[in-house]
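1. sequence? don't have it. structure:
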């Protein structure tokens, strides 16, 4: 069964490149394209799809708030896997994007060979983070593959919190789901970070991906 995909980018040439990458795979079908946030939201309301691949920066009304667009898409279509593509190289921004529950974060520099794998992972409910993004986060967060060594054993509850955080849930949602206080969840998150030797939220996403916690 083909994965039905909607593409969004304000550069027609880049949309053409995306389509070319996907057309070579019989498992993927592009069912719609948008070149602005307004077009994207209208298209999502009209066209059934299984996955969205969107550029992070699509100007609209002199605004470039990609985070707000992601939040709106996630609110209106919570079950839709979203893969975000960006040419930016900002670890703090990567953390913010991942924290909004996207299923993939790709760099345009590695798109041609990582996009198919990202789509397959996202379609299976798994998180995919491109290697350039991982490298950027690792530089500031101490979370490269070589650093993800568990210095102390995580408790089952800490592991559970990491898995849910990496799936895109906020602390308050995790607290409600697990019937714990928000303070307890926050404390377990802090404890897990200390044990793992990582220093930012994006490290949770990489840890979960590389250790199979999202499968």
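-> Noted; the coordinates are in hand. From a predicted model like this one, the values you see are computed outputs, not experimental measurements.
2. what sits against the residue nearest to the spatial centre of the chain?
-> In the chain, the residue lying closest to the centroid (C-alpha atoms, centre = their mean) is residue 102, at 3.2 Å. Residue 102 sits next to 70, 74, 82-84, 168 when contact means C-beta atoms under 8 Å, 6 or more residues apart in numbering. Just so you know, the C-beta spots here come from the backbone N, C-alpha and C atoms, and that holds for glycine as well.
3. what do you get for residue 201?
-> Residue 201 is in contact with 95, 98-99, 165, counting by C-beta under 8 Å, 6+ apart.
4. Quick one: the helices in the protein, in order.
-> Ranges of helices in the chain, per DSSP state H, are 12-23, 37-46, 66-76, 91-98, 111-123, 131-141, 156-166, 171-178, 182-196, 202-210.
5. Need the winner for burial among the ones you listed.
-> Among the helices of the chain, helix 202-210 has the highest mean neighbour count (mean count of other C-beta atoms under 10 Å), at a mean of 24.
6. and the protein, what are its domains?
-> 3-139, 142-210 (automatic domain parsing).
7. Endpoint to endpoint, the first one covers what distance?
-> What that stands for is domain 3-139. One end of domain 3-139 sits 34 Å from the other (C-alpha to C-alpha, to the nearest Å).
8. ok now it, how far from the chain's centre?
-> 9 Å (C-alpha atoms, centre = their mean, to the nearest Å).
9. pLDDT (mean, whole number) over that domain?
-> Averaged across domain 3-139, pLDDT comes to 88.
10. now the last one
-> Averaged over domain 142-210, pLDDT sits at 75.
11. For that domain, what is the distance to the chain centroid?
-> Centroid separation for domain 142-210 versus its chain: 16 Å, with C-alpha atoms, centre = their mean.
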